[in-house]
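Student: sequence first, then the predicted structure, then my questions.
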Amino acid sequence: MANLNVTYDQMQSAATRLRNGQNDLQTKLNELRSLVQQLVQNGFTTSRASGAFDTAYQEFTQGATRTIQGIDGMADYLNKAAQALQQTDEQLAQSIGK
């Protein structure tokens with residue numbers, strides 16, 4: 001038999017923290033992308049290697065951005081799960097009174 005122990009506030013708080021972390025990660029990723037762009041413009045400029053490095057870092061940034069965006073889906077899941085569980089609990093409680 002399965003047991004269920006849910007704290008709605010903790011689930012919603014975790015969702016908020018995930019979104020905040022997502023924003024922090026995206027901000028840092030953007031800062032690092034800017035750093036690399038500046039570097040290949042002034043500081044690491046070669047005929048081919050600096051351009052290849054910049055392209056590789058841009059591809060990395062795009063992939064990391066897609067991964068980071070996945071956090072939003074996880075946060076949504078926690079919010080929706082907390083809401084659904086709370087509604088189910090309320091409905092069950094109401095059905096006893098009938």
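Tutor: Ah, there it is. Numbering: from 1, shown residues only.
Student: for stretch 9-23, give the mean pLDDT please.
Tutor: Per-residue pLDDT values over stretch 9-23 give a mean of 98.
Student: what separates E31 from S95, distance-wise?
Tutor: Distance, E31 to S95, using C-beta to C-beta, to the nearest Å: 53 Å. For glycine as for every other residue, the C-beta is placed from the backbone atoms N, C-alpha and C.
Student: now name the helix or strand holding V6.
Tutor: V6 belongs to no helix or strand when assigned by DSSP states H and E.
Student: what count of nearby residues applies to the spatially closest residue to it that is not a sequence neighbour?
Tutor: Nearest residue to V6 in three dimensions, chain neighbours excluded: L85, at 5.2 Å (C-beta to C-beta, 6 or more residues apart in numbering). By other C-beta atoms under 10 Å, 14 other residues sit near L85.
Student: next one: phi and psi at L85?
Tutor: When read as degrees, to the nearest 10, the backbone of L85 gives phi -70, psi -40.
Student: tell me which residues of stretch 51-61 are tucked away?
Tutor: 54, 57 (16 or more other C-beta atoms under 10 Å).
Student: who touches it?
Tutor: 29, 32-33, 36-37, 40, 44 (C-beta atoms under 8 Å, 6 or more residues apart in numbering).
Student: run the last query once more with 10 Å
Tutor: Residues outside stretch 51-61 that contact it (C-beta atoms under 10 Å, 6 or more residues apart in numbering): 29-30, 32-33, 35-37, 39-41, 44-46.
Student: output it as PDB, nothing but the C-alphas.
Tutor: Extracted C-alpha coordinates of stretch 51-61, given in PDB (Å, rounded to 0.1, in the frame of the first residue of the first chain):
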ATOM      1  CA  GLY A  51      36.800  31.700 -34.700                       C
ATOM      2  CA  ALA A  52      36.500  28.000 -34.200                       C
ATOM      3  CA  PHE A  53      36.600  28.500 -30.400                       C
ATOM      4  CA  ASP A  54      33.900  31.200 -30.600                       C
ATOM      5  CA  THR A  55      31.700  28.900 -32.800                       C
ATOM      6  CA  ALA A  56      32.100  26.000 -30.400                       C
ATOM      7  CA  TYR A  57      31.300  28.200 -27.400                       C
ATOM      8  CA  GLN A  58      28.200  29.600 -29.100                       C
ATOM      9  CA  GLU A  59      27.000  26.000 -29.800                       C
ATOM     10  CA  PHE A  60      27.700  25.100 -26.200                       C
ATOM     11  CA  THR A  61      25.700  28.200 -25.000                       C
END
